[in-house]
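In: Next input, structure requested:
(chains A and B)
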Amino acid sequence: MAIIELILKVAGLLIVSPLFQGLIKRLKGILQGRKGPPVLQPYRDLYKYYFKERVVSKEVTWVFHLAPLAAFSSIFIAGIMVPWVNRSEWGFFADLILFVYLLGIPRFMLALAGLDASGSFGGMSSSREMAVSALVEPALFLALLTLSLSSHSLRLDTIISSAKGIPFLTPPGFLAGLAFFIVVIAEVGRIPVDNPDTHLELTMIHEGMVLEYSGRQLGLLHFAHWIKQLTLVMLLFNGFAPFGLTMFTEATFAVAATCFALKLLIGAALLALTESLMVKMRLFQMMDLLGFSFVLSATSLIFVATGG
Amino acid sequence: MEWHDQLISWLGTFILITGFLTVIFRRFDNILTCYKFQSFALAFMTLIIAHQYGEAHLYGISLATFIVKFLLIPIWVMRVIVKIPGKLEDHASVGAAFSLFSAVALLLLSYIISRDILGINSEKVDDLAISLTLLLLGLYQMMTRRKAIIQMMGILFMENAITLAGITLAKGLPTVIEMGIIFDVLIGILVMITLVFRIQEAFDSIDTQNLKSLKG
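Out: Numbers count the residues shown, from 1 in each chain, chains lettered A, B, ... in the order given. As a prediction, the model looks like this:
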């Protein structure tokens, strides 16, 4: 049974994550009064990247070639950890601390790769990414720790299955959820923090680090980014507002799958809406926002730790 | 939990968030908006507590808080502020990230202190800790900000914190004292605004750093 589950999850990650990206882009287009690209566009992009010619700077070392693989594989493993429809899934390795560090590996590798190609934009973006992640990572960790403290477990599946009611509707859960939402936006590089649609040298963070990549490697990096986006949004839902979760073997599986589709839609709408309503922040103002998210999650942790 | 208590803990959280936001914001009008919302939440909280315990005099205090702190003070301060030329953007003498980490440290400190005072199992630990944090944040504002007008807001936030502690821990002080405090704030603001004006006239700026320079 577990092996079927695993196969389904792997296939799901590969199939759904480009769809989610397409959904966000389409919704964003509609919200901005455009038609927006077709929902299936990311699949076509991946197909295009697969056959595109690769141009690699002759200055690069092995780090440059390793980075996309390392980024993709660690994000992929982190993606498998987060339950979508099941109450318990991969409990034996879905460790919270491991999850946070699996998200840290791609950041580290990409920052190195950005420096490796010795382009000026790459280095600049690497340093920015490090500055952002220095504030994002503790906020992410503390927000998840709030959940783990109320369920007395570090395993993601136990945290999710033992949640009483909806954590988002209690004061500490609300604070942690808000902090986690800011973290999600920063991690997926969306508008108040980073603009995914532009290559304007003054603003880009994530795009700058992958600027030197082309062809299959670029496709792989985009794919990894989409998987990370889907994973974090699912963690936001199932961690802070779990509904419609079931076991793989139960009869209510169809309901849970419908709830999953609903979560995808709501998540895409949420991201598209924030991206349409907000403006890009100045780099130094951004530190305030990310610091605020850290404060929120720390406050929530203190609430939970003292109040119980 | 009863809905009174639930609503009170939500309002307490909201008040705490507005307290943290004052540390982040640099522009004066944002800080004033924070003060407005905080005072509104405070008035609402007083109303809930009045209803919960049937304390008649708290209704009056709630109304007075609403009128004075939500309407009178912000309008008054805003009317004066437009007469001060120049940008009212204030860069604190410490960085934003440092301020935020200090804010968390102050919250932690308040929790430790209130647990020591009330005992670990007391239900009022949260309330006391939030009030104490707001008090310390107000003090922090006064220490780190440079513009006199924002230092003045620090005093207002501290006063809010004391009122909060009063209504949550002791179900309000006697009416005479509460009214006295509110009038005290009103008079205090009058004096402080006058002082800010005098600083502006004498030094052409409300930056308190300039107060060190000698005038002939």
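In: since we're on residue 77, how many residues are nearby?
Out: The chain I'm using is chain A. When neighbours are defined as other Cβ atoms under 10 Å in any protein chain shown, A:Ile77 has 15 of them. C-beta here means a position set from N, CA and C on the backbone, and glycine is covered the same way.
In: oops, I was thinking of chain B
Out: In terms of burial, B:Val77 registers 21 neighbours under the definition other Cβ under 10 Å.
In: Same question for B:Thr22.
Out: Under the neighbour criterion other Cβ under 10 Å, B:Thr22 is assigned a count of 25.
In: got a list of what the nearest residue in space to it that is not next to it in sequence touches?
Out: Spatial nearest neighbour of B:Thr22, excluding adjacent residues (Cβ to Cβ, 6 or more residues apart in numbering or on different chains): B:Cys34 at 4.9 Å. Contacts for B:Cys34 were tallied using Cβ atoms under 8 Å, 6 or more residues apart in numbering or on different chains; they are B:18-19, B:21-22, B:25.
In: For B:Cys34, give me the pLDDT.
Out: Confidence per residue is given as pLDDT, and for B:Cys34 that number is 94.
In: Work out for me the element the nearest residue to A:Val188 once chain neighbours are set aside sits within.
Out: Closest residue in space to A:Val188, ignoring its immediate chain neighbours: A:Gln229 at 4.4 Å, by Cβ to Cβ, 6+ apart. Per DSSP states H and E, A:Gln229 falls inside helix A:215-240.
In: per-residue confidence averaged over that helix?
Out: Mean per-residue pLDDT for helix A:215-240: 93.
In: quick one: buried residues of the helix or strand that A:Leu289 is a member of?
Out: Using DSSP H and E, A:Leu289 sits within helix A:283-307. By neighbour count with 16 or more other Cβ atoms under 10 Å in any protein chain shown, helix A:283-307 contains the buried residues A:286-304, A:306.
In: quick one: the helices in the chain?
Out: Using chain A. For chain A, the helices defined by DSSP state H occupy A:2-31, A:41-51, A:62-81, A:96-116, A:120-151, A:156-161, A:171-187, A:206-209, A:215-240, A:253-277, A:283-307.
In: you looked at the wrong chain, it should be chain B
Out: Along chain B, the stretches classed as helices by DSSP H are B:3-24, B:28-53, B:56-65, B:73-81, B:96-118, B:125-144, B:148-170, B:175-203.
In: ok, and what's touching the shortest one?
Out: Contacts to helix B:73-81, defined as Cβ under 8 Å, 6+ apart, come from residues B:28-29, B:32, B:35-36, B:39, B:88, B:149, B:156, B:185-186, B:189, B:193, B:196-197.
In: now swap in the third one and tell me
Out: Identification of contacts with helix B:56-65 by Cβ under 8 Å, 6+ apart yields B:39, B:42-44, B:46-47, B:49-50, B:163, B:167, B:171-172, B:174-175, B:178-179, B:182.
In: rerun that using 7 Å as the cut-off
Out: By Cβ atoms under 7 Å, 6 or more residues apart in numbering or on different chains, the list of residues contacting helix B:56-65 from outside reads B:39, B:42-43, B:46-47, B:49-50, B:172, B:175, B:178-179, B:182.
In: That helix vs helix B:175-203, what angle?
Out: Calculated by axes from the mean of the first three to the mean of the last three Cα atoms, to 10 degrees, helix B:56-65 forms an angle of 20 degrees with helix B:175-203.
In: Dump helix B:56-65 to PDB, restricted to CA.
Out: Written as PDB, here are the backbone C-alpha positions of helix B:56-65 (Å, rounded to 0.1, in the frame of the first residue of the first chain):
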ATOM      1  CA  ALA B  56     -21.400  49.800  35.300                       C
ATOM      2  CA  HIS B  57     -18.600  52.300  35.600                       C
ATOM      3  CA  LEU B  58     -16.500  50.500  33.000                       C
ATOM      4  CA  TYR B  59     -19.100  51.500  30.300                       C
ATOM      5  CA  GLY B  60     -18.400  55.100  31.000                       C
ATOM      6  CA  ILE B  61     -14.600  54.600  30.900                       C
ATOM      7  CA  SER B  62     -15.000  52.700  27.600                       C
ATOM      8  CA  LEU B  63     -16.800  55.600  26.100                       C
ATOM      9  CA  ALA B  64     -14.400  58.100  27.500                       C
ATOM     10  CA  THR B  65     -11.400  56.100  26.100                       C
END
